[in-house]
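In: got a predicted structure here, sequence first:
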Amino acid sequence: MRYSALSLIWNGLSGHRHWPRLWQSASPKPAYDVVIVGGGGHGLATAYYLATEHGIRNIAIVEKGWLGGGNVARNTTIIRSNYLLPESSSLYDHAVKLWQRMASDLNYNVMYSERGVVNLAHTPYDLLKVRQRVEANRANGVDSHFLDIPALRKLVPILNVDQGLHLPVLGASLQKTAGIARHDAVIWGYARVLQELGVDILQNCEVTGFETSNGRVAGVQTTRGSIRTSKVGIMVSGHSSLLADMAGFRLPVTTVVLQALVSEPIKPLLDTVVMSGALHLYVNQSDKGEMVFGLAPDRYQSYGATGSFHILEQSVQSVCEYFPMVRRLRMMRQWSGIVDMSTDGSPIIGKTPVAGIYINAGWGSGGFKATPGAGFVMAHTIARDEPHPLNAPFSLGRFTSGRLVDELGAGAVAH
Amino acid sequence: MSWVPVPWRIKERRQTLLLIPCPHCGDRDEAEFRYGGEVHPHSGPRSETPISTEQWGERLFLRNNSAGVITESWFHLHGCQRWIELNRDTRTDEFMGTTASEGS
């Protein structure tokens, strides 16, 4: 059914009893054209663009837990594209353009809110890098502005810009076209459309192995039986290396734990997103009024998904220092997820050593912002067996050729 | 309001503070250490035989990143200032005993 003002009025008058279910849990068929491993944002977006752009609808999305129970539900929902390198900024900016029309594309309100993202500079070197990034973004066609202290005070009145701090705020960059979206709604919106397009969403279905013949993928083994297919897309964030291991290749990623926490809901206080690379802190306020804090990743590799206490402690200290107004708020929830950090800080999107298996991994702590864009280029790569110009620089082969997209070194931008 | 006494609740929770068993100093807080990453067979002395571009790519960038017991190195920066090697289960963050210490 199509959502509209009319459908809302009709269902409102009939007591909201006739809304159809958004999606049904399917049972696996023996064979599919494409199997997508991972029912997160990237997996659903890939299936969506395979069906709408490339006419491939015989798709299974295989999810080991429940739909949207992974990192798509654990991120801090920030969307931006102010990356330093042209390869990255064009990839992420393409995603931002797709976010802008996602609600009308899906006929589902994903609550995309273009509220701007502020990146703080705390040292003279930081300031230099921020200015450089603003200019680089402008040269690459990404909206970017430099904010001095008076402009910053006006935009974020609750921010402590006292110059006597150990790491005082010296300036900031602002991307006005950046913002946040409701992460759960993204999953629900995609799942609803995929249901209509005939894509099977298989929940509680864990991949246990791959079948190959003559170096090509022939099927996947799952806890709900084996499925024949000639094309597999792997997009499982923190578990990427484990899936790659099943398929017989290694990835340049390390899995680490990343945590976040939210406060009790309060009245509107912060109408933009504030990030600090130096402090590893991301702050925004959700539509419910909770202050959402994204913290630093743990320093060591782990699949444990709990998060180090000292990281939590340091980050909360930063919150108290830079946002003294929220000092007395109670924190309601703390959670973590596992993310795959690539060795050059950029994602890996493309073919693998096994023909027919495609990988979308290494997004580290910043995968949510790329959801529609990653799906778009992955769908192109899977359907045509060659990368889209946007993801061509992000191949796995770059780690042999040496053509890295080194956001970690050059960009100095936290994800 | 919950009437469950606090110690019960703490017992239920998973440990979030990583205590690292330094063979020289005993169990110390994670914040005293710097992480050195997984110890690979090739991280020892460099071999004399030349290696190919592919092998260089593997050595520099590829990671095992396995879920299970791994051997990794830590530098006890705010302690004995020595590199140590420990076994840890990456699924539970439990340390499984020391293998060898490399000295200072």
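Out: Arrived safely.
In: tell me the contacts of A:L174?
Out: Counting by Cβ atoms under 8 Å, 6 or more residues apart in numbering or on different chains, A:L174 makes contact with A:G116, A:V117, A:V118, A:N119, A:S144, A:H145, A:F146, A:L147, A:L155. (Glycine included, C-beta is placed from N, CA and C.)
In: interface residues of chain A facing chain B?
Out: Counting by Cβ under 8 Å from any Cβ of the partner chain, chain A comes close to chain B at A:241-242, A:245, A:250-255, A:299-304, A:306-310, A:312, A:340, A:343-344, A:399-400, A:402.
In: closest to chain B out of the contacts of A:L174?
Out: Nearest to chain B among the contacts of A:L174, counting by Cβ to the nearest Cβ, is A:N119 at 26.1 Å.
In: let me know whether that closest one touches A:V169 as I believe.
Out: No: in this structure A:N119 lies outside contact range of A:V169 using Cβ atoms under 8 Å: 11.0 Å.
In: got the buried residues for the strand or helix carrying A:V186?
Out: Assigned by DSSP states H and E, A:V186 belongs to helix A:183-197. The neighbour-count check on helix A:183-197 (16 or more other Cβ atoms under 10 Å in any protein chain shown) flags A:H183, A:A185, A:V186, A:I187, A:W188, A:G189, A:Y190, A:A191, A:R192, A:V193, A:L194, A:Q195 as buried.
In: which one of those is nearest chain B?
Out: Nearest to chain B among these, with distances taken as Cβ to the nearest Cβ, is A:H183, at 23.9 Å.
In: helices of chain B, start to end?
Out: B:6-12, B:53-61 (DSSP state H).
In: any idea which of those scores lowest on pLDDT?
Out: Lowest mean pLDDT of those: helix B:6-12, a mean of 42.
In: centroid-nearest residue for the chain?
Out: Answering for chain A, as no chain was given. A:F368 (1.3 Å; Cα atoms, centre = their mean).
In: actually chain B
Out: Chain B has B:E72 as the residue nearest its centroid, 4.4 Å off, counting by Cα atoms, centre = their mean.
In: which ones are touching that one?
Out: Counting by Cβ under 8 Å, 6+ apart, B:E72 makes contact with A:Y300, A:Q301, B:Y35, B:G36, B:G37, B:E38, B:V39, B:E85, B:L86, B:N87, B:R88.
In: so the fifth one versus A:G219, what's the distance?
Out: Using Cβ to Cβ, to the nearest Å, one gets 35 Å for the distance from B:G37 to A:G219.
In: of those two, who's got more company?
Out: Legend: neighbour count by other Cβ atoms under 10 Å in any protein chain shown for B:G37 and A:G219, higher for A:G219 (20 against 15).
In: that one and A:E211 touch, don't they?
Out: Yes: at 4.1 Å, A:G219 counts as touching A:E211 under the criterion of Cβ under 8 Å.
In: identify the contacts common to these two.
Out: Counting by Cβ under 8 Å, 6+ apart, the contacts common to A:G219 and A:E211 are A:S226.
In: all the strands of the stretch 101-250 of chain A, in order from the start?
Out: Assigned by DSSP state E, counting those that start in this stretch, the strands in the stretch 101-250 of chain A fall at A:117-121, A:145-147, A:171-175, A:179-180, A:200-202, A:207-213, A:216-222, A:225-228, A:231-234.
In: what sits up against the last one?
Out: For strand A:231-234, the external contacting residues (Cβ under 8 Å, 6+ apart) are A:33-38, A:43, A:46, A:210, A:217, A:220, A:240, A:243-244, A:247, A:352, A:356-361, A:378, A:382.
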